[in-house]
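**Q** Next one to model:
(one chain, ligands or ions: 2)
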Amino acid sequence: MKPNDIEFELSELFEIRTTKYGGRACFARRDIPVDTDVLVLHRALGSIVCHEFRKEVCCVCFLYDNGRTMKVRLMEKCPKLAPKGAGLWFCSEKCRHDFLSRDRIESLIEAYELFETNWLSRASDRAGLEDCQTADPEHQISKTDIQRMWDGLEHSWVPMIDRMKLIRQRSQLPVLNEDEYGCVRFVAHCLFTLATANKSCVQMQAFRSLQSNELVKIQQYPILLKVQENVFKTLYVLLPPQLKPMLTSAIFRHILGSEYGNSFGIWESAECSESREYLGYCVLPEASYFNHSCAPNLAKRRQGERMIFTLNSPAQKDQELCIDYKGILGLPVKERRCILQENWFFDCGCERCLREMVEG
Ligand SMILES: [Zn+2]
Ligand SMILES: [Zn+2]
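**A** Ligands and ions are numbered 1, 2, ... in the order given. I've put the predicted structure just below:
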């Protein structure tokens, strides 16, 4: 299937159509009254809690209790499988139970535990790690540069690793920084979902149809090419056998390429309060087809791990359904457009922007 084909149905309330600009958008199939929940998502494809908050946020319901460390750990329940707790913290017995009841969760726990063990054992190597800026600022990264990196990985690094014994493979692991470590866990979570979900479920179809922002994002942040290389190498060496077959360069690149510009922040509390903490992010492929508007007709709210999109004004048939990507509605038009361009690579053409630009 070509990535642009939309052949799945997300909801009986709205449909995804290709717009005249080549992007996709969601349009109401009929008149829908205000306060209707048009999309309720029960679980993300993948999520990650920021490193600084990982002990303070429940990895299941994302509860944050004013900086208090979450009390429930995995090793109390699975001392053999996860003696170090797999880098997971839970708010309650219920959340731990929810997590442990997921189909084939042992494979993800094993992966998390291996990552955590490796992370802890490399602390002294990390101390000497400098923030290296490998990219030449004069050189604009091209598709060919990205492909060259992947060819090198697949045609020389992978065969070299495959010839080694496990213990030597591990000596080849790159030293990760916190962001890379988070990314390793995030991709593993996505791979786990891909391995265990029903291939024809809506989330999987929505994921496969997402557009990739790989090139534009890497051109903006060239360091990401090195990050991707380090993350891929770590996953390749450490993923347990149940998950490793999922790790191909194509799937890996689609996960990160579509994550760029499509992830949803996990915030401490209600969408619009000012001093709330940014706890992490998740990828919700089904909700990634909503475009941004600076006067959106959808409000999104999180309820535990559920994300709910509700109409805040009545929608007429064929009206586009939009969300606010970043909580920027209170900012002046110039700042809003700047943030959208930097983070999502587009010039906002919403009615409010057009009006406010004319008003100057
Ligand atoms: Zn919880
Ligand atoms: Zn706008």
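**Q** distance of whatever residue of the stretch 251-360 of the chain ends up closest to ligand 1 from ligand 2?
**A** Closest to ligand 1 within the stretch 251-360 of the chain is Gly304: 7.0 Å, counting by CB to the ion. Heads up, the C-betas are built off the backbone N, CA and C, glycines and all. Going from Gly304 to ligand 2 by CB to the ion, to the nearest Å gives 30 Å.
**Q** Would you mind naming what in this structure lies close to ligand 2?
**A** Applying CB under 5 Å from the ion, one finds that the chain approaches ligand 2 through 294, 348, 350, 353.
**Q** so the residue of the stretch 251-360 of the chain closest to ligand 1 touches Phe62, yeah?
**A** Yes: contact criterion CB atoms under 8 Å: Gly304 and Phe62 qualify, at 7.0 Å.
**Q** Looking at those two, which is more packed in?
**A** Phe62 (21 against 14; other CB atoms under 10 Å).
**Q** Now do the more buried one against Arg337, distance only.
**A** For Phe62, the distance to Arg337 equals 30 Å [CB to CB, to the nearest Å].
**Q** Quick one: the strands in this structure, in order.
**A** Remark: strands assigned in the chain by DSSP state E are 14-18, 24-28, 37-41, 46-49, 72-73, 89-90, 263-267, 278-283, 291-292, 298-303, 306-311, 320-323.
**Q** Dump the ones you listed into a markdown table; add mean pLDDT, mean neighbour count and distance to Phe232 as well.
**A** Below are the strands of the chain laid out as a markdown table (pLDDT from 0 to 100; neighbours: other CB atoms under 10 Å; distance: least, CB to CB, whole Å):
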| stretch | mean pLDDT | mean neighbour count | distance to Phe232 |
| --- | --- | --- | --- |
| strand 14-18 | 93 | 17 | 31 |
| strand 24-28 | 94 | 19 | 28 |
| strand 37-41 | 97 | 18 | 28 |
| strand 46-49 | 96 | 24 | 15 |
| strand 72-73 | 97 | 18 | 29 |
| strand 89-90 | 98 | 24 | 27 |
| strand 263-267 | 90 | 19 | 19 |
| strand 278-283 | 94 | 21 | 18 |
| strand 291-292 | 93 | 20 | 30 |
| strand 298-303 | 93 | 17 | 30 |
| strand 306-311 | 96 | 18 | 28 |
| strand 320-323 | 96 | 20 | 31 |
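**Q** which residues pair with the closest residue to Val40 other than its chain neighbours across the strands?
**A** Of all residues not flanking Val40 in the chain, Ile308 sits nearest, at 5.1 Å (CB to CB, 6 or more residues apart in numbering). In this entry, Ile308 is beta-bridged to Val40, Arg301, by DSSP bridges.
**Q** Wait, Ile308 touches Lys300, no?
**A** Yes: counting by CB under 8 Å, Lys300 is a contact partner of Ile308 at 6.9 Å.
**Q** which residues touch the residue of the stretch 151-300 of the chain found nearest ligand 2?
**A** The minimum distance from the stretch 151-300 of the chain to ligand 2, using CB to the ion, falls at Cys294 (3.3 Å). Counting by CB atoms under 8 Å, 6 or more residues apart in numbering, Cys294 touches 324, 328-329, 333, 336, 348, 350, 352-353.
**Q** got it, and Lys71?
**A** By CB under 8 Å, 6+ apart, the contact list for Lys71 reads Cys91.
**Q** Quick check: bridge partners of the closest residue to Ser92 other than its chain neighbours?
**A** In space, not counting the residues next to it along the chain, Ser92 is nearest to Val72; the distance is 6.2 Å by CB to CB, 6+ apart. Beta-bridge partners recorded for Val72 (DSSP bridges): Phe90.
**Q** quick one: Val72 and ligand 1, what's the gap?
**A** In terms of CB to the ion, Val72 sits 8 Å off from ligand 1.
**Q** Would you check that that residue makes contact with Arg96?
**A** Yes: in this structure, Val72 is within contact of Arg96 by CB under 8 Å, at 5.2 Å.
**Q** picking that back up, apart from its chain neighbours, what residue comes closest to the residue of the stretch 151-300 of the chain closest to ligand 2?
**A** Closest residue to Cys294 apart from its sequence neighbours, by CB to CB, 6+ apart: Arg352 at 4.3 Å.
**Q** Could you give the number of residues near that neighbour?
**A** 15.
**Q** Val358 now?
**A** Val358 has 8 nearby residues by other CB under 10 Å.
**Q** Number the chain from 18, please
**A** I'll keep to 18 as the first residue from here, and by that count the last item is Val375.
**Q** Show the pLDDT at it.
**A** In this model, Val375 is scored at 89, pLDDT.
**Q** Run through the residues that contact Ile283.
**A** Contact partners of Ile283, counting by CB under 8 Å, 6+ apart, are 64, 66, 79, 295-299, 319.
**Q** Tell me how far the residue nearest to Val57 lies from Leu56.
**A** Ile325 is 7 Å from Leu56, where distance means CB to CB.
**Q** List of residues touching stretch 71-82?
**A** Applying CB under 8 Å, 6+ apart, the contact partners of stretch 71-82 are 64, 66, 70, 84-87, 104-109, 112-113, 115-116, 283, 285, 294, 296-297, 319, 321-322.
**Q** Within range of ligand 1, give me the residues from the stretch 18-167 of the chain.
**A** Within the stretch 18-167 of the chain, the residues that sit near ligand 1 (CB under 5 Å from the ion) are 75, 77-78, 80, 108, 112.
**Q** Return the subset of those lying in helices.
**A** Residues of those located in helices (DSSP state H): Cys112.
**Q** As a markdown table, the residues of the stretch 18-167 of the chain next to ligand 1 with neighbour count and pLDDT would be great.
**A** Below are those laid out as a markdown table (neighbours: other CB atoms under 10 Å; pLDDT from 0 to 100):
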| residue | neighbour count | pLDDT |
| --- | --- | --- |
| Cys75 | 24 | 97 |
| Val77 | 24 | 96 |
| Cys78 | 19 | 96 |
| Leu80 | 17 | 95 |
| Cys108 | 21 | 97 |
| Cys112 | 22 | 97 |
